[in-house]
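[1] Show me how the following folds:
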Amino acid sequence: MDKRTSTALATALVATLTLGAAGCSGGKAADDRGGRNPATANNGAVVGGTPQKGGTLTVLSNQDFTHLDPARNWVMGDMDFGTRLLYRTLVTYKSEPGAKGGELAPDLAEDLGTPSNGAKTWTFKLKKGLKYEDGSAVTAQDIKYNVERSFSPDLPGGPDYAARYLAGAEGYQGPATGKHLDSVKTPDDHTIVFELRKPFAEFPYATVLPTFAPVPKARDKGPQYDNRPFSSGPYKIETYDRDKRLVLVRNTHWDPSTDQVRKAYPDRVVVTMGLKANQIDDRLINSSGADASAVPWGKLRPESTPKVLTKADVRARLLAESTNCTEMVQMHTGRAPFDDIKVRQAVQYALDREAIVTASGGPALNDVATALMPGSLFGDRQPDTLKIPVTGDVEKAKRLLKEAGKPNGLTTSITVSNGDKGVGEAVQQSLGRAGIKVTIETVDPSAFYDTIGDTKNRTDLVYTGWCPDYPSGSTFLPFVFDGRYIKEKGNSGNHSLFRDEATMKRMDEIAAMTEAQQAGKAWQELDGQILAKAPTAPVVIERMPLLLGTNIAGAFGHTSFGGQIDYATVGLKDPARSGS
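    As a prediction, this is how the structure comes out:
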């Protein structure tokens, strides 16, 4: 490892990453602003003008949150909602459409952190005047405590950057037994210092994640904290009836002078859960009464797309930023028959990605995936190293199965979110052509990640994706394919359970590189090498189609939150029309 990593290097790398974020809304999406794709006319733009303060913003949802506890919150939409409304982190993303949404802004911290010791030590100073919903002060010790909570076995599923990078973190099990991390120091209430086991010039990006939000020890209730996170943001929880309704009201102790990102326009935010996805679409298309002041939690259903794209006035309310996420069929490489590379390659060749694109809403809302990492991490577009036809190569798939000793095919099962049942059927039909008989198991979206994260009891195949937490290959390939971080419960990212020594060795070598462009090129090369070993079959790069009510203002799809609406700045044109 080159030990000459320095503050200058860290600054240069952050600048490189910021420029790289332009790929999130560049390439095809940027060209679509010219009108060739009617779904993306609002990309990079704010819809509805500037909101007025007041009123009730309604969120229509078919599901509960996966997690709101900041130690467990690692799903794009949940992170957006939690970190923009309920709790603040050391650093956050700017509230800007397009490429600027990939730039960092200080949040609880005064700046983006100060590196030392060759970027192995990072120091953050907290702003003065930060308060919780009861008026008590936010302290550096509270942030340290939540970082430590993220190691607790009874709080699985959250970001594991702390486990990967903090010095002396191996085997740590959280603060419940009274043990604490020596590598997180709080010399006073307004200073927090992180000591890393290796240089990490990208560390400010990691501190955007909910792991780096404060949780006061006195308020911690273990797994029950999920039901009532204590607010350091502009809103607090008034009521939360799981799977039914969440009501947020203003946190009167939040000081906007300490917060350059959140605008907190609505007086209340009400999330109505348990609705049918098609019902949500129809309500937003009609946009009558309180629904005019509503936004959707989930994306527009494929069957609703024609109702939106064929009507100019409705289409004008559509956001469809790229999620910057690769959706994949991930295969359980740890057990038969998918411990055989030939079987896994057969899946890659049998899949009809064109049919899956259609099931996902069509080419206006999706692109065929030809690599693992999204195009933004390749400078623009994904390469196509396997060159498999988009409709598949059934005969090649059959030959691979025969070589694997499966001339009569095989029987397996796949888990999909219940909103992706049509996608599951497209997978089922395309694999069936090669003799791979697939049973579909659907799971409620709020329970989906906990279900597929149970590595002993899950199905052979799962349909899910991965989004980089920030524009670097280091936030994609290691999290999806490093076998050293697989967990029996709460497993995240590596749903193929891929353990490959050569791959892990190369990941360590790339992580040690101190030159950003060199590392970026190496991640790109490793992408093709992993794909050839077939732990997953990349299928689709999706957009996030979100239809707004007619009274919504200040809305855009945030590129760093997977195209989800940025809750930091959304509000209402006329608060009086919202019914409160």
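
[2] how many neighbours does L372 have?
    Residues near L372, counting by other C-beta atoms under 10 Å, number 26. Using the backbone N, CA and C atoms, a C-beta is placed for each residue, glycine as well.

[3] Now do the helix or strand containing V539: which elements does it pack against?
    Here V539 sits within strand 536-547, counting by DSSP states H and E. When contacts are defined as 3 or more C-beta pairs under 8 Å, 6 or more residues apart in numbering; DSSP states H and E, strand 536-547 sits against helix 277-286, strand 294-296, helix 305-309, strand 318-331, helix 341-350, helix 353-359, strand 366-368.

[4] Check what contacts whatever helix or strand comes next after that strand and list those residues.
    The first helix or strand that comes after strand 536-547 along the chain, using DSSP H and E, is strand 552-553. Residues from elsewhere that reach strand 552-553 (C-beta atoms under 8 Å, 6 or more residues apart in numbering): 47-52, 57, 292-295, 317, 570-573.

[5] just to revisit the earlier point, could the helices and strands packed on strand 536-547 go into TSV alongside mean neighbour count and distance to G562?
    Formatted as TSV, these follow (neighbours: other C-beta atoms under 10 Å; distance: least, C-beta to C-beta, whole Å):
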stretch	mean neighbour count	distance to G562
helix 277-286	19	17
strand 294-296	24	14
helix 305-309	17	19
strand 318-331	26	4
helix 341-350	23	25
helix 353-359	21	18
strand 366-368	20	14
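
[6] For this protein, which residues score under the pLDDT cut-off?
    Residue ranges of the chain with pLDDT under 70: 1-35, 580.

[7] Could I get the buried residue list for the longest helix belonging to the chain?
    Of all the segments of type helix in the chain, defined by DSSP state H, the longest one is helix 516-533. Buried residues in helix 516-533, counted by 16 or more other C-beta atoms under 10 Å: 516, 519-524, 526-527, 530-531, 533.

[8] The strand holding V539 to helix 516-533, inter-axis angle?
    For strand 536-547 against helix 516-533, the angle by axes from the mean of the first three to the mean of the last three C-alpha atoms, to 10 degrees is 110 degrees.

[9] Give me the sheet partners of strand 536-547 and which way each runs.
    strand 318-331 (antiparallel), strand 366-368 (antiparallel) (DSSP bridges).

[10] Next, the angle helix 341-350 makes with it.
    40 degrees.

[11] before we move on, the earlier item: could you identify the most distant pair in the buried residues of helix 516-533?
    Using C-beta to C-beta, the pair of the buried residues of helix 516-533 lying farthest apart is A516 and K533, separated by 26.2 Å.

[12] Centre of the chain to stretch 410-425, how far?
    Mean-position distance between stretch 410-425 and its chain equals 21 Å (C-alpha atoms, centre = their mean, to the nearest Å).

[13] Give me the distance between the two termini of that stretch.
    17 Å (C-alpha to C-alpha, to the nearest Å).

[14] quick one: buried residues of that stretch?
    410, 412, 414-420, 422-425.

[15] G113 is nearest to which of the helices and strands packed on strand 536-547?
    That would be strand 318-331 among the helices and strands packed on strand 536-547, by C-beta to C-beta, at 24.2 Å.

[16] relative to helix 277-286, how tilted is the closest one?
    Using the same axes, to 10 degrees: strand 318-331 against helix 277-286 is 160 degrees.

[17] Excluding covalently adjacent residues, which one is nearest to the most centrally placed residue in the chain?
    Geometric centre of the chain, nearest residue: M76, 3.0 Å, by C-alpha atoms, centre = their mean. Using C-beta to C-beta, 6 or more residues apart in numbering and skipping the chain neighbours, the partner closest in space to M76 is G562 (3.6 Å).

[18] Looks like the one you found contacts T326 (just checking).
    No: using C-beta atoms under 8 Å, G562 is not in contact with T326; the gap is 11.6 Å.

[19] ok, the nearest residue to V249 once chain neighbours are set aside - how many residues close by?
    Closest residue in space to V249, ignoring its immediate chain neighbours: E238 at 4.6 Å, by C-beta to C-beta, 6+ apart. Applying other C-beta under 10 Å, we find 13 residues neighbouring E238.

[20] again with P383
    When neighbours are counted by other C-beta under 10 Å, P383 comes out with 15.

[21] shift numbering so it begins at 38
    Yes, from this point I'll number from 38; that puts the last item at P420.

[22] so what's it up against?
    So P420 contacts 407-408, 561, 564-565 (C-beta under 8 Å, 6+ apart).

[23] Do you have the helices of the stretch 188-337 of the chain handy? List them.
    Secondary structure of the stretch 188-337 of the chain (DSSP state H, counting those that start in this stretch): helices at 198-202, 240-243, 314-323.

[24] Could you export the ones you listed as JSON lines, including distance to Q100?
    Shown next, in JSON lines, are these (distance: least, C-beta to C-beta, whole Å):
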{"stretch": "helix 198-202", "distance to Q100": "26"}
{"stretch": "helix 240-243", "distance to Q100": "27"}
{"stretch": "helix 314-323", "distance to Q100": "9"}
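
[25] can you tell me which of those comes nearest to E440?
    helix 198-202 (37.2 Å).

[26] Looks like R121 contacts L285 (just checking).
    No: R121 lies out of contact with L285 (C-beta under 8 Å); the separation is 11.0 Å.

[27] what comes into contact with stretch 250-264?
    104-109, 119-120, 124-126, 145, 169, 173, 175-176, 178-180, 182-183, 186, 189, 191-192, 212-213, 265-267, 269, 277, 279.

[28] any chance of the buried residues of helix 553-570 in CSV, plus distance to S397?
    Converted to CSV, those look like this (distance: C-beta to C-beta, whole Å):
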residue, distance to S397
A553, 33
A556, 32
G557, 29
K558, 31
A559, 31
W560, 26
Q561, 25
L563, 27
D564, 22
I567, 24
L568, 21
K570, 26
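
[29] Thank you kindly, that will do.
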